[in-house]
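Trainee: attaching a predicted model along with its sequence, questions to come.
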Amino acid sequence: MSQTRRLVAILAADVAGYSRLMEADEEGTLARLRAIRTELFDPAIAAHNGRLVKTTGDGLLVEFGSVVDAVRCAAEVQAGMAQRNAPVSIDKRIEFRIGIHQGDIVVEDGDIFGDGVNIAARLEGLARPGGICVSARVQEDAVGKLDLAFEDMGEQALRNIARPVKAFRVATGPLSTVAQGGLALALPDKPSIAVLPFANMSSDPEQEFFADGIADDVITALSHCPSLFVIARNSSFTYKGRAVDVKQVGRELGVRYVLEGSLRKAGSRIRVTAQLVEAETGNHTWAGRYDRDLADIFAVQDEITEAVTTAVAPAIADAELRRALRKPPDSLDAWATYQRGLWHLGKATADDYELAKTFFRRAIDLDPNFPDGYCGLATVKIRAASTFRAGSLAEVQSSAERLAHTAVALDGNNAFAHSCLSFALFGRGDHRGALAEADRALALSPNLAAGHFQRGSALIYSGRPQDGLKDLRTSLKLEPRGSNLAESLHHVVIGLYFSRAYDEAVEAAQDLVRSFPEYPSGYRWLAAAFGQLGCVEGGKEALGKGMAITRAPFVRPRAPWNRLEDYAHVLEGLRKAGWAG
């Protein structure tokens, strides 16, 4: 078995939407592919001194001794394919994606192996149908030697490749129908999603309208989420009635996530299923199933839309956080850096708050026009100062309010920015202003967890704890995990305490300190609730743990205490628990 090593340029190509083409016309597709190989691909490989290593059904692997030859061959093939496709209807066009990398390979019995081959294959997956994607090594050698432009795609995390690879898209003219239509877009900075039309799997054609209505309503609901870039209905519904490859949809629409679903009807009952897929990898991020009676079709449609929407947004948030944590720190863009900040913010410890500040400041430096970076920094400053006495509280509140106003000024329609301003106003005791900004946030995005949290907190301290608890529970339903969890659980405890539900307050506070043992506020309210119940030993233990984490004063007469009776109420509970302050 002979084995050698050499440095080569590797070209990997495959057919976009191959499964769909084969399903529609297997014999015709195979015949056309043979003709393309014979008349276009093989002659181009030979003309540019390449060697066809192998074919893989819908793909090819080719090695070249020269990067320039490899790119020139790819450009010639794609130009030829554009001409061949011009008279062909869109749904029958054969379009190739091509990836090129230069690397060291192992040659064994005519086949080639190694990271270079794997990277070329992954780059091919990033290419548009009819397009070419190359690594930085290839771009460096080819730029200036060919009449081609290279579009920087930035660092790319490639599946099963340990290090990120900088990639470039090659602009070769009119490559594909998709490219000409302007739909094959680079991914936006924030997470992007396309909601495909839900498939009607029942024999009742009337359910087609119901399936379309659910998908349409989900698109509308998700478009209100400030953290999401949602593809419009007119674009996503072009896939209606077609067997689609989710990866292809992701490339063609420039989205990271695709939501697809189906509807079945049996008698008076329907079953709706939905699944969220990461387009690049094809991995399922979330799936849900909903069985309902069709007593009131519009009520059922609203109910399912709300259920799907409130599940999808947190699932995307979790996926984005995992993506950011996988990236090397030096390769982070503003969005990923902000995600890292949120991860530390959610830990609710003094050290993590300081790390969160660092990441949010870096996000602002990377993109001064990114409002969420300012929101993150404003939030963590207030939490660090109020919870762990990090800095002058008055100065911090003033700084946080300026940051929040900056975020709103950058994007007045950003619901999250308004919820951040609500938090800043609440921090200095302006409950009326806080409620007004929370209402603005929820008017822009009714399912914004942060908006419900801010409104709930302000209501609790405004003498309306029961109303505030409703908003807080809605917030926790919309965002059961994430960076706001400790604060949300904390304010649920406060709402229960002010409602005189001391038993429930103890239970909720114990849940809080179990989840966040270094978060001192939970112990304060646990001690106060124990005190009101006459459980002195439990109160003293909670006091000791809380005061060991934070510095004195354990509680102080400052905002958000607008109601003196609320301040007196918490002091009463703490003193009953043995606090001498």
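Mentor: Great, that's in hand. Residues are numbered from 1 along each chain as shown.
Trainee: need the strands for the protein, in chain order.
Mentor: Ranges of strands in the chain, per DSSP state E, are 3-15, 50-55, 59-64, 96-108, 111-113, 132-135, 149-156, 165-171, 192-195, 199-200, 229-230, 257-266, 269-278, 283-293.
Trainee: tell me what the first one is packed against?
Mentor: Counting contacts by 3 or more Cβ pairs under 8 Å, 6 or more residues apart in numbering; DSSP states H and E, strand 3-15 is packed against strand 59-64, helix 67-85, strand 96-108, helix 115-126. Yep, even glycine has a C-beta here, placed from its N, CA and C like the rest.
Trainee: next, the angle from the longest one to strand 165-171.
Mentor: Following axes from the mean of the first three to the mean of the last three Cα atoms, to 10 degrees, one obtains 50 degrees for the angle between helix 67-85 and strand 165-171.
Trainee: what comes up buried for helix 67-85?
Mentor: 67, 69-82, 84-85 (16 or more other Cβ atoms under 10 Å).
Trainee: now do it: everything it contacts.
Mentor: 9-11, 13, 36, 40-41, 44-45, 47-50, 62, 64, 93-96, 98, 100, 102, 130-132, 134, 137-138, 141-142, 145-146, 148, 170, 172-177 (Cβ atoms under 8 Å, 6 or more residues apart in numbering).
Trainee: for that helix, what is the distance to the chain centroid?
Mentor: Using Cα atoms, centre = their mean, to the nearest Å, the distance from the centre of helix 67-85 to the centre of the chain it belongs to is 35 Å.
Trainee: picking that back up, put the buried members of the contacts of helix 67-85 into a PyMOL selection.
Mentor: Only the buried entries of the contacts of helix 67-85 go into this PyMOL selection, using 16+ other Cβ under 10 Å:
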select buried, resi 9+10+11+13+36+40+41+44+45+48+50+62+64+93+94+95+96+98+100+102+130+131+132+134+137+138+141+142+148+170+172+175+176+177
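Trainee: return the residues in contact with residue 27.
Mentor: Shown in contact with residue 27 (Cβ under 8 Å, 6+ apart): no residues.
Trainee: tell me where the model's unsure across the stretch 301-450 of the chain.
Mentor: 329-330, 390 (pLDDT under 70).
Trainee: scratch that, the stretch 101-250 of the chain
Mentor: 172-189.
Trainee: apply 50 and report the result again.
Mentor: For the stretch 101-250 of the chain, the stretches with pLDDT under 50 are 173-185.
Trainee: quick one, domains of this protein?
Mentor: Segmentation of the chain into domains, based on automatic domain parsing, reads 3-181, 192-313, 486-581.
Trainee: give me the distance from the shortest one to the chain's centre.
Mentor: From the chain centre to the centre of domain 486-581 is a distance of 35 Å (Cα atoms, centre = their mean).
Trainee: for stretch 233-244, same thing?
Mentor: That offset, for stretch 233-244, works out to 22 Å (Cα atoms, centre = their mean).
Trainee: got it, and stretch 135-146?
Mentor: The answer for stretch 135-146 is 32 Å, by Cα atoms, centre = their mean.
Trainee: what's the answer for stretch 190-203, then?
Mentor: Taking Cα atoms, centre = their mean, one finds the center of stretch 190-203 at 18 Å from the center of the full chain.
Trainee: list the buried ones in it?
Mentor: So, applying 16+ other Cβ under 10 Å, buried residues of stretch 190-203: 190-200, 202.
Trainee: check stretch 521-531 too.
Mentor: Applying 16+ other Cβ under 10 Å to stretch 521-531 flags 521-531 as buried.
Trainee: need the residues that contact that stretch.
Mentor: So stretch 521-531 is contacted by 387, 489-490, 493-494, 496-497, 502, 505-506, 509-510, 512-513, 516, 536, 538-540, 542-543, 545-547, 549, 554-555, 570, 572-579 (Cβ under 8 Å, 6+ apart).
Trainee: average pLDDT for it, rounded please.
Mentor: Averaging pLDDT along stretch 521-531 gives 94.
Trainee: same thing with stretch 52-64?
Mentor: Average pLDDT, stretch 52-64: 87.
Trainee: CA-only coordinates of it, as PDB, when you get a sec.
Mentor: Provided in PDB are the C-alpha atoms of stretch 52-64 (Å, rounded to 0.1, in the frame of the first residue of the first chain):
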ATOM      1  CA  LEU A  52     -10.000  13.900 -10.700                       C
ATOM      2  CA  VAL A  53      -9.500  11.900  -7.500                       C
ATOM      3  CA  LYS A  54     -13.000  10.500  -7.200                       C
ATOM      4  CA  THR A  55     -16.700  11.100  -7.600                       C
ATOM      5  CA  THR A  56     -19.300  10.700  -4.900                       C
ATOM      6  CA  GLY A  57     -22.700  10.500  -6.700                       C
ATOM      7  CA  ASP A  58     -23.500  14.200  -6.700                       C
ATOM      8  CA  GLY A  59     -19.900  15.400  -5.900                       C
ATOM      9  CA  LEU A  60     -16.400  15.500  -7.200                       C
ATOM     10  CA  LEU A  61     -13.000  15.700  -5.500                       C
ATOM     11  CA  VAL A  62     -10.100  17.200  -7.600                       C
ATOM     12  CA  GLU A  63      -6.500  18.000  -6.800                       C
ATOM     13  CA  PHE A  64      -4.400  20.700  -8.500                       C
END
